[in-house]
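# Fold the stuff below for me.
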Amino acid sequence: MLAVWIVIAVVAVVAAAAAVAWRVRRRGPSVVEAAGPEVLEAPAPHVPSDAPPRRGPSSSGTAPPVAGPQTAPPGTTVPPSTTVPPEAQPGAQTRRTPETGPQTPPEAVTGDPEALDEAQSGVADVLPELAEPPRLRDRMGRTRDRLSGYLRGIRSRGAIGEEDWESIEAALLGADVGVATTTALLQDLRQRVRDGDLRDGDALMSALRQDLCDSLTSAGGAQLQFVPGATNVWLFVGVNGVGKTTTIGKVARRQVEDGRSVLLAAGDTFRAAAAEQLGMWAARAEVDVVRGTEGGDPSAVVFDAVQRAAARGNDLVLADTAGRLHTKVNLVEELKKIRRVADRPPGTVTEVLLVLDATTGQNGLIQAQQFLQAVGVTGVVLTKLDGTAKGGIVVAIQRELGLPVKLVGIGEGADDLVPFDAEQFVDALFEDSPVAG
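Numbering: from 1, shown residues only. Okay, the predicted model is just below:
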């Protein structure tokens, strides 16, 4: 009897095993069996947003295939500049789970990584084409308002009185024309009144305007010097904070628009982030920049830039320099060395441009005197002219030092650095009609 029960138990076990095997063959492996060992695979390339979304397995219970790396469907173009999030970078691990299929990362922002970096920092990758240059008259309201406060009403007067001379003197000194220049202008006007050439306020104001215009044009042309066929070097000098690096970037952009091949030299190796700032402007103007190590020899940077420019056929090297106080002898001597190095063949220094902040007034004149003696400044770039009532410093620089103002900055925009025009400048100083011809 016991043997019979044993036989029955064995038959039952075999039948149960056969039933389980039949169910497995019919339904496939269980979820645990499907999962198997953890699978790590390279992430699929990011597909543009207009491609059909990737789907996980259906809810029918069918296990996802455990295959190699996934690829984009045939006919799908994946941009080479696609940016993917960190978890989907090459070498990252993507886990496949049977419940959800491959884990799809959040949609990534596509585009050129450099352009994305520029956009994130609030700087456009490439600036738009140059716009119509702004007018000096539209940007010099502060200086004009100061002058007009003193000169308003002189034209309408008949005879010229002592109060008119006092008003003119106060107006010129208040605009920072300077004592020497103001005295010279008044002496000339008084003599002409005594000679009978000027008989009323209208004639006096017209003569003042013309004298100012003549003072500005007598210092020489405002044209930037360039020698075709040579490796021209323009050095930019000045104290810290006047806007040298920004000026270089704006000049580079305009020179590129004029068809010249430009190379920048990051010669300010002492100020933190100076090279990075110049590099940003180089990217905007789509030109190259030569830079050295922080704290390195600036003369070596300029020398290297000149050699590279000559080898590559660049027309123009724009060299930044560290800010130097005009009273520091050792720093000025180093600046002299930079000029000597830049002027060695194949380089030719055709401009040494002193960048001055117009808001400093007469202090800018002192700086100009020192730099003129040290490195032979050939012209002045006057920045921030729109933000000051001391625009008369232009007259003092040109009349007292014989230095032409070649460029003026009248705004923060890339197009707001414009060539200096004497007649436009004088016209911007007065409320009424332009300078007489």
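
# Okay, helices next: where are they in the stretch 201-350 of the chain?
Remark: helices assigned in the stretch 201-350 of the chain by DSSP state H, counting those that start in this stretch are 201-217, 244-257, 274-285, 298-312, 329-342.

# Pipe those into JSON lines and attach mean neighbour count per row.
All C-beta spots, glycine's among them, are computed from the backbone N, C-alpha and C. Shown next, in JSON lines, are the helices of the stretch 201-350 of the chain (neighbours: other C-beta atoms under 10 Å):
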{"stretch": "helix 201-217", "mean neighbour count": "19"}
{"stretch": "helix 244-257", "mean neighbour count": "23"}
{"stretch": "helix 274-285", "mean neighbour count": "21"}
{"stretch": "helix 298-312", "mean neighbour count": "20"}
{"stretch": "helix 329-342", "mean neighbour count": "17"}
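
# Turn those helices into CSV, columns for distance to residue 387.
Converted to CSV, these look like this (distance: least, C-beta to C-beta, whole Å):
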stretch, distance to residue 387
helix 201-217, 21
helix 244-257, 14
helix 274-285, 20
helix 298-312, 30
helix 329-342, 27
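
# Find the nearest non-adjacent residue to residue 278, please.
Take residue 278 and drop its neighbours on the chain: the residue closest to it by C-beta to C-beta, 6 or more residues apart in numbering is residue 266, 4.9 Å away.

# Likewise for residue 282?
residue 289 (4.1 Å).

# which ones are touching the one you found?
263-266, 275, 278-279, 282 (C-beta atoms under 8 Å, 6 or more residues apart in numbering).

# 6 Å instead?
264, 266, 278-279, 282 (C-beta atoms under 6 Å, 6 or more residues apart in numbering).

# swap in residue 140?
391, 428.

# The one 4 residues further on too?
Shown here is residue 144, whose contacts under the criterion C-beta under 6 Å, 6+ apart are residue 429.

# That one sits in which helix or strand?
In the assignment (DSSP states H and E), residue 144 maps to helix 141-151.

# buried ones in that helix?
Neighbour-count burial for helix 141-151 flags 142-144, 146-148, 150-151 (criterion: 16 or more other C-beta atoms under 10 Å).

# do stretch 420-432 as well
Neighbour count says stretch 420-432 has 420-422, 424-430 buried, by 16+ other C-beta under 10 Å.

# Now do the residue lying closest to residue 226 once chain neighbours are set aside, the pLDDT please.
Closest residue in space to residue 226, ignoring its immediate chain neighbours: residue 232 at 5.5 Å, by C-beta to C-beta, 6+ apart. Looking at residue 232, its pLDDT is 98.

# Start the count at 292 instead of 1 going forward.
All set: I'll call the first residue 292, so the last point we hit is now residue 523.

# For beta bridges, what are the partners of residue 523?
Judged by DSSP bridges, the bridge partners of residue 523 are residue 607, residue 639.

# mind listing what it touches?
Residue 523 neighbours (C-beta under 6 Å, 6+ apart): 517, 607, 639, 641.

# For residue 307, see how far away it is.
Counting by C-beta to C-beta, to the nearest Å, the gap from residue 523 to residue 307 is 96 Å.

# Residue 304 versus the residue lying closest to residue 531 once chain neighbours are set aside, what's the distance?
In space, and not counting its chain neighbours, residue 531 is closest to residue 614: 3.0 Å by C-beta to C-beta, 6+ apart. According to C-beta to C-beta, residue 614 and residue 304 sit 94 Å apart.

# Hmm, residue 629 is touching residue 588, no?
No - counting by C-beta atoms under 6 Å, residue 629 sits too far from residue 588 to count as a contact (9.5 Å).

# For stretch 690-700, list every residue counted as buried.
690-692, 694-700.

# Just the terminal-to-terminal distance for that stretch.
One end of stretch 690-700 to the other measures 20 Å (C-alpha to C-alpha, to the nearest Å).

# what's it in contact with?
471-472, 506, 510-511, 513, 515, 659, 670-674, 676, 685, 688, 708, 711.

# Stretch 440-457 now?
If you take C-beta under 6 Å, 6+ apart as the criterion, stretch 440-457 is touched by 458, 461-462, 484, 491-493, 495-496.

# now residue 527: how far from residue 678?
Distance, residue 527 to residue 678, by C-beta to C-beta: 20 Å.

# For burial, what's the neighbour tally of residue 665?
Using other C-beta atoms under 10 Å, residue 665 has 19 neighbouring residues.

# meant to ask about residue 577
The burial count for residue 577: 13, using other C-beta under 10 Å.

# ok now do it, which residues does it touch?
Contacts of residue 577 by C-beta under 6 Å, 6+ apart: none found.

# Tell me, what's the model's pLDDT at it?
94.

# And the one 3 residues further on, by the same measure?
Looking at residue 580, its pLDDT stands at 96.

# Is it bridged to anything, and to what?
Where residue 580 sits in a bridge, its partners, by DSSP bridges, are residue 555.

# what separates it from residue 454, distance-wise?
Residue 580 is 57 Å from residue 454, where distance means C-beta to C-beta.

# In contact with the residue nearest to residue 697 when sequence neighbours are not counted, which residues?
Nearest residue to residue 697, sequence neighbours excluded (C-beta to C-beta, 6+ apart): residue 670, at 4.0 Å. Residue 670 makes contacts with 644, 695, 697, as judged by C-beta under 6 Å, 6+ apart.

# for residue 670, phi and psi?
phi -170, psi 170 (degrees, to the nearest 10).

# Just the pLDDT at it, thanks.
Confidence for residue 670, expressed as pLDDT, is 93.

# so how far is residue 646 from it?
For residue 670 relative to residue 646 (C-beta to C-beta), the value is 10 Å.

# One more: residue 554?
Residue 554 is 19 Å from residue 646, by C-beta to C-beta.

# Equivalent analysis for residue 672, please.
Applying C-beta to C-beta to residue 672 and residue 646 gives a distance of 5 Å.

# shared neighbours of those two, anything?
residue 538.

# can you give me the strands in the protein?
Ranges of strands in the chain, per DSSP state E, are 331-332, 385-388, 392-393, 522-528, 553-557, 579-582, 607-610, 638-648, 670-674, 696-700, 708-710.

# Make a markdown table from those and add distance to residue 538 to it.
Formatted as a markdown table, these follow (distance: least, C-beta to C-beta, whole Å):
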| stretch | distance to residue 538 |
| --- | --- |
| strand 331-332 | 54 |
| strand 385-388 | 50 |
| strand 392-393 | 54 |
| strand 522-528 | 6 |
| strand 553-557 | 12 |
| strand 579-582 | 15 |
| strand 607-610 | 9 |
| strand 638-648 | 5 |
| strand 670-674 | 5 |
| strand 696-700 | 7 |
| strand 708-710 | 6 |
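
# which stretch in these has the least confidence?
strand 331-332 (a mean of 28).

# Quick one: residues contacting residue 659.
Residue 659 neighbours (C-beta under 6 Å, 6+ apart): 645, 688, 692.
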